[in-house]
Structures are given as structure tokens and as C-alpha cells.
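Student: no FASTA, just this:
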């Protein structure tokens, strides 16, 4: 979105677009209170947030804009951890691990008996929600004795500065810092799968693949021509922006569906307040565009 703002402002000086960084949950609080026109989100809006928006008379358009791969990373000089399973991640990150699991050997018997350090998103982050539901079965089930931040750049530094650190965050931050970090493959029934663009696009990197969204306030979109111009420009350039940002673009044909959802003014969420885990790209996109199948939008 920083690139989208930069691209827009290079062509149009008005309106001035301000971008504020927070976690997805914090962003939705502002959005559903009517304080911001656009919320960028790394998960779908949840049932509590849907209720808050409804109570405040906030209707919205939900647009998928790119894909992400939650990436588990270690320091590049870590010589022992090459892959990790969801079960091992749960043993490490669940709330019951707090104050108990703090050495590498306690996660995997083949790893060294030395202290580890944890770096991860704070509880206002959509990445926090998605990771913990994927790993621990509940989006709030997480230990709290770790270095937390909603700013992924802080988490990059946390892991890159400590050979015994392990952390998780979005793919684009790993992708931009490959020389300072090493990603772990996720071990599953089909073998270890690395977080790569190809593996995400082919539906292999589960359960940590997820869509990224824009939520746009409908009333402000109708009333503000500058906002409409910014949103349409961003969606029209979605693939190039995603590629330039180092994240995972949607297929070209899908951006046309995103534009159709915007132009047909399809309101509400296709996810019903649910946080779906383990969807392939195809499944997530089908769900994202369910509303376009309704008779009034055909």
C-alpha cells in the first residue's frame, strides 16, 4: 500500500493520502468506528468487527488484493533447524508453553540444548490471529513471553540479531531480507514445503497461505471522488504493486474480478466473520467472489 500511495501521489497531488501502520485488528477498530476510509487487512473481517461496523452504520466493499505466506524464520547461522512441523510450532507457541518451552531441544530432540528467543506479532496483528488459529486452534491461544511488535521490520531485526531467535511474519518482509534471515520449510504429510511464490500459487504451502484485503467504506467511496480515484488506480495496478512489493500477486484474471466487484458495488464480506484456515489460493478466491454469483450482480 505504501507503493500504491507513492504511485498515486506521483500522478495526482490531491487528495493527500495518509498511510498509518498498525495491526489488522487495530485497523478494523478504526475502520468500524468510521475514523478511516480504507482498512488494509491480513485476514478477513471477523464477526465481532462485523457487528461493530453494523452498529455504527459502516457498510463496506471487501477486495482481495494479493496473497501472503506466513513465514517462519531463523538466523542464517542457525545450522540445525531446516524445517518445522505445525505440531512443533504448537508446542513452542501455545499458551501452555509459556515459561516452560525455552530451549531448542524441547521443540525437537535433534536440536541443541541451548536457549531460544522468540519474536512474533503482537495481538493486534492479523498475522497473530491467523498463525495462532492455524497452529493452536484458537486465534487468541498464544504465549506472551516473547518479543512482540505489529511492525514486521522490528521482528526482522529481532531474528537477524540473534542466532538463537525464531520468529514468524509476512512473506514480503522475509523476501526483502533474505540475506539476514533463513526461512524454515513447513513439514507436513507430503513432506517439507518452503514458503515460495510458486508453492503458494500452486496451493502447496498450507496452512500458512492467506489472502490480503482492502476494506473500503462505501459511503465515503460514493461521496469522495478522490478516494474513488485512489481505489480504482490501486486495484488496476494490483498485480504490479504486489510484485514490486515482494509479496504474492493474484492471477491476472482475478484482478479483473476484483475490479468487477468494485464497479458492481458488491457490499459485505464473503467470509461471514469466519477466519478460514488452510484454504488454497483457488478456494480462497472462490470464496472471495461468492457474492458476485448473487442474481443482482450477474
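Tutor: Nice, thanks for sending it over. As the structure is a prediction and not an experimental result, all values here were calculated from the model. Residues are numbered from 1 along each chain as shown.

Student: all helices for this structure, in order.
Tutor: Assigned by DSSP state H, the chain shows helices spanning 2-11, 24-32, 47-55, 86-93, 104-107, 126-136, 152-160, 171-175, 197-201, 218-223, 225-236, 238-245, 252-263, 281-288.

Student: most packed of those helices?
Tutor: Burial of the helices of the chain is given as mean neighbour count (mean count of other Cβ atoms under 10 Å); helix 126-136 ranks first at a mean of 24. In short, each C-beta sits where N, CA and C put it, glycine included.

Student: other SSEs contacting it?
Tutor: Contacting helix 126-136 under the criterion 3 or more Cβ pairs under 8 Å, 6 or more residues apart in numbering; DSSP states H and E are the following elements: helix 24-32, helix 86-93, strand 165-169.

Student: how much space between the residue sitting furthest away from the middle of the chain and residue 235?
Tutor: Centroid-distance maximum for the chain: residue 113 at 32.8 Å, with Cα atoms, centre = their mean. As for residue 113, its distance to residue 235 is 52 Å (criterion: Cβ to Cβ, to the nearest Å).

Student: how about the helices and strands packed on helix 126-136 in JSON lines, adding distance to residue 135 and mean pLDDT?
Tutor: Output for the helices and strands packed on helix 126-136, formatted as JSON lines (distance: least, Cβ to Cβ, whole Å; pLDDT from 0 to 100):
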{"stretch": "helix 24-32", "distance to residue 135": "17", "mean pLDDT": "96"}
{"stretch": "helix 86-93", "distance to residue 135": "5", "mean pLDDT": "97"}
{"stretch": "strand 165-169", "distance to residue 135": "9", "mean pLDDT": "97"}
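
Student: make a markdown table from these and add distance to residue 200 to it.
Tutor: Rendered in a markdown table, the data for those read as follows (distance: least, Cβ to Cβ, whole Å):
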| stretch | distance to residue 200 |
| --- | --- |
| helix 24-32 | 19 |
| helix 86-93 | 17 |
| strand 165-169 | 15 |
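
Student: low-confidence ranges in the stretch 151-298 of the chain?
Tutor: 298 (pLDDT under 70).

Student: 90 instead?
Tutor: Applying pLDDT under 90 to the stretch 151-298 of the chain flags residues 188-190, 201-203, 206, 210, 246, 250-254, 256-257, 264, 270, 272-298.

Student: of the helices and strands packed on helix 126-136, which is nearest residue 190?
Tutor: Comparing those by their distance to residue 190 (Cβ to Cβ), the top pick is helix 86-93, with 13.0 Å.

Student: ok and that closest one relative to helix 126-136, angle-wise?
Tutor: Following axes from the mean of the first three to the mean of the last three Cα atoms, to 10 degrees, one obtains 120 degrees for the angle between helix 86-93 and helix 126-136.

Student: contacts for helix 86-93?
Tutor: Helix 86-93 is contacted from outside by 72, 97, 101, 106-108, 118, 120, 131-132, 134-136, 142-143, 166, 186, 188, 207, using Cβ atoms under 8 Å, 6 or more residues apart in numbering.

Student: go on, stretch 73-84?
Tutor: Applying Cβ under 8 Å, 6+ apart, the set of residues contacting stretch 73-84 from outside is 72, 104, 107-108, 110-112, 159-160, 162-169, 174, 179-187, 192.
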